[in-house]
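A.B. asks: Here's a sequence, model it:
(one chain, ligands or ions: 1)
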Amino acid sequence: MSTAPQLVVHRDKELMAQAAAARLITRIVDAQSSRGEASVVLTGGRNGNGLLAALAAAPARDAIDWSRLDLWWGDERFLPEGDPDRNVTQAREALLDAVPLDPKRVHAMPASDGPHGSDVEAAAAAYAAELDAAAGPEDHGPVPAFDVLMLGVGPDTHVASLFPELPAVRETERTVVGVHGAPKPPPTRVTLTLPAIRAAREVWLLAAGEDKAEAAAIALSGAGEIQAPAAGAYGRSRTLWLLDAAAASQLPRSLYPPATA
Ligand SMILES: O=C(O)[C@H](O)[C@@H](O)[C@H](O)[C@H](O)COP(=O)(O)O
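C.D. replies: Numbering: from 1, shown residues only. Now for the predicted structure:
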């Protein structure tokens, strides 16, 4: 059952990142107060890392009990450990190295020089097994019901490493797959699939900047998920698009309230 997307439009990308960070703090604190822990899926890219940097700078940052937060990734560039282009490397620089996380709860996707070597399919299968092991009886399938799963939106409407028309976006069974020939470098990646994304309680799509305006308009206009993967990304109880005015500039005004501050 897909949840209709809710849109929030902010003045500019800086304010969008700050507001999204504040929203994430509240969501994590609420989950931790009701369940004793929280789980969040991070995304790579400028908007995703911008949110993490805003979170690092947020005055209320440490309302989060970092020791009871599980972090997962929606995708990862299949590069050696520590490569500056890996999403986990950039997340560490933006936030993770500044907060007292429990290392056992930071679930980075395998690197290309890890135990699976250059076998990206084996790396994907290992991450799928880790997700399955973390899922509980109350979850819906072999993936934890993440509290928030965040996705940057590419100019071609890709999310995670699910690119239009490529095999990964067509996957209906596996939760994690390898990607070859990604149009956004590097070409080899590991990614959650749409079934895994849809296990999340809430899916937040981040789109800021003029270069996202066409993608947002296409994805929110009823396009199919194979041609526009962002259109297929929705949560079990909430699907939230967080945009800035530039990224929302091609959307019908009827889709969202007047831009908030
Ligand atoms: O590994 C990646 O590159 C990201 O996970 C990717 O899905 C990203 O979120 C989008 O391409 C948007 O990136 P920008 O925010 O930089 O436009």
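
A.B. asks: quick one: contacts for the closest residue to the ligand within the stretch 1-150 of the chain?
C.D. replies: When you check the stretch 1-150 of the chain against the ligand by Cβ to the nearest ligand atom, the closest residue turns out to be G45, at 2.5 Å. Any C-beta I mention is one placed from the backbone N, CA and C, and that applies to glycine too. When contacts are counted by Cβ atoms under 8 Å, 6 or more residues apart in numbering, G45 is found next to 152, 154.

A.B. asks: make it 10 Å
C.D. replies: G45 makes contact with 51, 75, 87, 90, 150-154, 159-160, 184, 206 under the criterion Cβ atoms under 10 Å, 6 or more residues apart in numbering.

A.B. asks: With E138 instead?
C.D. replies: Neighbours of E138 in contact, by Cβ under 10 Å, 6+ apart: 35, 144-145.

A.B. asks: and if you look at E210?
C.D. replies: By Cβ under 10 Å, 6+ apart, E210 lies in contact with 155, 244-247, 249-250.

A.B. asks: which secondary structure element contains T89?
C.D. replies: Take DSSP states H and E as the rule and T89 turns out to sit in helix 87-94.

A.B. asks: Can that helix be said to contact the ligand?
C.D. replies: Yes - among the residues of helix 87-94, N87 lie within reach of the ligand under Cβ under 6 Å from any ligand atom.

A.B. asks: for that helix, packing partners?
C.D. replies: Based on contacts counted as 3 or more Cβ pairs under 10 Å, 6 or more residues apart in numbering; DSSP states H and E, the elements that helix 87-94 packs against are strand 38-42, helix 45-57, strand 69-73, strand 75-77.

A.B. asks: could those be laid out in CSV, adding mean pLDDT?
C.D. replies: Written out in CSV, the entries for these read as follows (pLDDT from 0 to 100):
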stretch, mean pLDDT
strand 38-42, 98
helix 45-57, 98
strand 69-73, 98
strand 75-77, 98
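
A.B. asks: Now tabulate the ones you listed in CSV and tack on distance to P5.
C.D. replies: Formatted as CSV, the helices and strands packed on helix 87-94 follow (distance: least, Cβ to Cβ, whole Å):
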stretch, distance to P5
strand 38-42, 18
helix 45-57, 16
strand 69-73, 22
strand 75-77, 21
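
A.B. asks: What parts of the stretch 51-200 of the chain come near the ligand?
C.D. replies: Going by Cβ under 6 Å from any ligand atom, the residues of the stretch 51-200 of the chain near the ligand are 75, 77, 87, 152, 154, 158-160, 184.

A.B. asks: Recalculate using a threshold of 8 Å.
C.D. replies: Proximity of the stretch 51-200 of the chain to the ligand, by Cβ under 8 Å from any ligand atom, involves residues 74-77, 87, 151-155, 158-161, 184, 189.

A.B. asks: Could you grab the helix/strand/coil label for the closest residue to the ligand within the stretch 101-250 of the chain?
C.D. replies: Closest to the ligand within the stretch 101-250 of the chain is G152: 2.3 Å, counting by Cβ to the nearest ligand atom. Assigned with DSSP: H, G, I helix; E, B strand; the rest coil, G152 falls in the strand class.

A.B. asks: Does it touch L51 like I think?
C.D. replies: Yes - G152 sits in contact with L51 when judged by Cβ atoms under 10 Å, with a separation of 9.1 Å.

A.B. asks: Who has more neighbours out of these two?
C.D. replies: Neighbour totals were compared for G152 and L51, and L51 leads with 29 against 26 (other Cβ atoms under 10 Å).

A.B. asks: Over to W204: give its phi and psi.
C.D. replies: Backbone geometry at W204, expressed as degrees, to the nearest 10, gives phi -110, psi 120.
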